[in-house]
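S.K.: Give the three-dimensional model of this entry:
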Amino acid sequence: MANRPRIALVATGGTIDALGADRLDLAFYLETGRRLGADELLARIPEAATLAEVVPVPFRPRPSHAFRDADLLEVGRAIETAVADGASGAVVTHGTNTLEETAYFLHLTLRTERPVVVTGAMRPASALSSDGDLNLLNAIRVAADPAAAGRGTLVLLDDRIYSARDVTKGATFRTDAFVARERGPLGVADADGRIVWFWRPQGLHTTATPFDVRGLERLPRVDVVVSYVGADGAAIDAFVAAGARGIVSAATGAGYPTPAEVEALERAAAAGVVVCIASRVGSGRVARSPSMASRRWVAAGDLVPWKARLLLSLALTRSRDPDEIQAWFDLL
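M.R.: This is a model prediction of the structure:
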């Protein structure tokens, strides 16, 4: 086992280390408040020692739906520190509810090309047929693969390797919940132990982005407003009043807020708030229409609204010019 890569493990909590009431508790296990520590997670997969020297990194675990922007910054700092200390890659275990957001934030902000793989589980550690152990082992396998370097932050669940930019959670309980509807997986961690790569991400990421958050303690406030039949501008006005510097509209179809929402978004833009139009549909692009361009609104492309929120918040650390921000949305 000489010359094994050194892989940092940042265990942030979630289903993967949760312990339910019994082996058939597949739904309400978080309510027990019991969980495994990073060392206990590793003890369940002694095979990992043949792949890498896995070094746990201290982190305060919590459910992913309790994450805040400050936690994203903290995860990034933990990875950057581990890499500076000599880690050749990192694995982050994370609750699946917001896993895609943390992964995309890291994809946009980490200043390293070393492999970073985010994984989780759809069934708790105590469950009959839990998926967490193999997900963690495969994530370590991918992080230890030299071919994983330079692909940005990766997400691995159910044997599939995804780009953090494209992946989203598409089911509440199924073990194959994570999908990249438009682009598919980058590769697979296959049954024979081989990592098989299909393609490389095309957008800019990690060291090629303009976003350096290492000196930040907080991010600009950006809120998401979901459109629906009869939606008015009350939520938009309230977010502006609360100090939002950006608003993402999860609009209908290919980017259509209701008429009342359009009026509120125009008021927000007039007050200096940057407006981004995404879609509530779940896949497909929002193109920047002539009316969006004339209003100087940003089109989210094929980013889901919660990822558009992160990109807009990071963009606002560099610029308040909607046209410049649009260029980043087009490249990232």
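
S.K.: Domain map for this structure?
M.R.: Here the domain parsing of the chain from automatic domain parsing is 6-208, 222-331.

S.K.: Tabulate those (CSV), appending mean neighbour count, distance to Arg214 and mean pLDDT.
M.R.: C-betas here are computed from N, CA, C, even on glycine. Formatted as CSV, the domains of the chain follow (neighbours: other Cβ atoms under 10 Å; distance: least, Cβ to Cβ, whole Å; pLDDT from 0 to 100):
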stretch, mean neighbour count, distance to Arg214, mean pLDDT
domain 6-208, 20, 7, 97
domain 222-331, 19, 12, 98
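
S.K.: Need these in TSV (columns: distance to Leu216).
M.R.: As requested, the domains of the chain are exported to TSV (distance: least, Cβ to Cβ, whole Å):
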stretch	distance to Leu216
domain 6-208	6
domain 222-331	7
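
S.K.: Tell me which stretches of the stretch 151-300 of the chain form strands.
M.R.: With strands called from DSSP state E, counting those that start in this stretch, the stretch 151-300 of the chain shows them at 153-157, 160-163, 168-169, 178-179, 187-189, 195-197, 222-226, 246-251, 274-279, 298-299.

S.K.: Just the CA atoms of the first one, as CSV, please.
M.R.: Provided in CSV are the C-alpha atoms of strand 153-157 (Å, rounded to 0.1, in the frame of the first residue of the first chain):
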residue,chain,number,x,y,z
THR,A,153,-16.2,19.4,-8.1
LEU,A,154,-17.8,16.0,-8.7
VAL,A,155,-20.8,14.4,-7.2
LEU,A,156,-21.0,10.6,-6.8
LEU,A,157,-24.1,8.6,-5.8
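
S.K.: partners of that strand, with directions?
M.R.: Sheet pairing for strand 153-157, assigned by DSSP bridges, gives strand 116-119 (parallel), strand 160-163 (antiparallel).

S.K.: now those as TSV including distance to Ser64?
M.R.: Shown next, in TSV, are the strands paired with strand 153-157 (distance: least, Cβ to Cβ, whole Å):
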stretch	distance to Ser64
strand 116-119	11
strand 160-163	17
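
S.K.: And those: which comes nearest Asp323?
M.R.: strand 160-163 (26.3 Å; Cβ to Cβ).

S.K.: which residues touch the closest one?
M.R.: 107, 117, 142, 151-156, 178, 180, 183, 185-189, 195, 197, 201 (Cβ atoms under 8 Å, 6 or more residues apart in numbering).

S.K.: 7 Å instead?
M.R.: The contact list for strand 160-163, computed with Cβ atoms under 7 Å, 6 or more residues apart in numbering, reads 142, 152, 154-155, 178, 180, 185-189, 201.

S.K.: Would you reformat the residues you listed as a markdown table and include distance to Thr32?
M.R.: Supplementary listing: the contacts of strand 160-163 in a markdown table, determined by distance: Cβ to Cβ, whole Å:
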| residue | distance to Thr32 |
| --- | --- |
| Val142 | 30 |
| Gly152 | 35 |
| Leu154 | 30 |
| Val155 | 26 |
| Phe178 | 25 |
| Ala180 | 32 |
| Pro185 | 33 |
| Leu186 | 35 |
| Gly187 | 35 |
| Val188 | 33 |
| Ala189 | 30 |
| Pro201 | 38 |
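
S.K.: what's the closest of those residues to Ser291?
M.R.: Ala180 (29.8 Å).

S.K.: tell me the contacts of that closest one?
M.R.: Contacts for Ala180 (Cβ under 7 Å, 6+ apart) come out as 162-163, 166-167.

S.K.: Closest one to Met122 out of the residues you listed, please.
M.R.: Using Cβ to Cβ, the contacts of Ala180 come closest to Met122 at Val167, 13.9 Å.
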